[in-house]
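**Student:** Pasting the sequence and the predicted model now:
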Amino acid sequence: MKTIFHKASERGHANHGWLNAKHSFSFASYHDPSKVHFGLLRVLNDDIVAPGMGFGMHPHDNMEIITIPLSGTLEHKDSMGNIGVIRPNEIQAMSAGSGLMHSEYNHSKTEEINLLQIWVFPKERNISPRYDQRIFSENDKNGKFKTIVSPVKADDVMWINQDAFFSLGKFKLGSKVEYNIKHKGNGAYIFIIEGETSIEGNKTEKRDAIGIWETDEILIEVNADSEILVIEVPMN
């Protein structure tokens, strides 16, 4: 088993007034050669966007983009004609593929939005661009990990063009849970949205993360009520 630990306080930080962003990996003006990616996970941004503000139309290609609102509402528009509003317990998945344009704005004029935006390198390049969003029940992740993103097309997950899996779970103080690697050779980047845990002996707090690979199972002990995101990706 190999591990890498990323403290929340050591993330990149850019405050543009309308956007307060924390970067787990090198992004925009933040560059750390030791934090460029974890396997095929390229971006994990923890963004707070001011009311009514956002990102105007801009291009993407050949990237799998997953957006997870933690609070507030996000308005999405793209060059494929999709228009939608994403709320907590909804997930947005987009294959940029051969290329598209999109915009993202805080749908509210009075409240901030906090969201995670995650980029994963694709398995196949230049596929037809694709957009999807889906509601997940809060109960699905209470006391267990709920797979929300998967390379296997099914009714209860979002599809991704990569051998990657995203899982969310909410756990009470004192819980012990195992995460089992779903695709042989993958690693898991475990991001603590809220709470405190001990993961294979490493104590983590809110917004800390630990990357683990060369193992088939990971033990998580919950030291305070916690919400945990596991991003499982190929390591090469």
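**Tutor:** Arrived safely.

**Student:** contacting residues around the spatially closest residue to Arg207 that is not a sequence neighbour?
**Tutor:** Among residues not flanking Arg207 along the chain, Ala8 sits closest, at 3.5 Å (Cβ to Cβ, 6 or more residues apart in numbering). Where C-beta positions appear, they are placed from N, C-alpha and C, glycine not excepted. Counting by Cβ atoms under 8 Å, 6 or more residues apart in numbering, Ala8 makes contact with Lys22, Glu205, Lys206, Arg207, Asp208, Ala209.

**Student:** so where's this protein uncertain?
**Tutor:** By pLDDT under 70, the chain contains no weakly predicted segment.

**Student:** In the sheet, which residues pair with the residue positioned nearest the centre of the chain? Tell me.
**Tutor:** The residue lying closest to the centre of the chain (Cα atoms, centre = their mean) is Ile118, at 4.4 Å. Beta bridges link Ile118 to Leu44, Ile66 when assigned by DSSP bridges.

**Student:** Quickly note the distance from Ala50 to His60.
**Tutor:** Here the criterion is Cβ to Cβ, to the nearest Å. By it, Ala50 lies 23 Å from His60.

**Student:** thinking again about what came up before, how much space separates the residue nearest to the centre of the chain from Ser103?
**Tutor:** Distance from Ile118 to Ser103, by Cβ to Cβ: 18 Å.

**Student:** cool, Gln162 as well?
**Tutor:** Distance from Gln162 to Ser103, by Cβ to Cβ: 24 Å.

**Student:** of the two, who's got more company?
**Tutor:** More neighbours surround Gln162 than the other of Gln162 and Ser103, with 20 against 15 (other Cβ atoms under 10 Å).

**Student:** ok, the more buried one to Lys2 distance?
**Tutor:** 21 Å.
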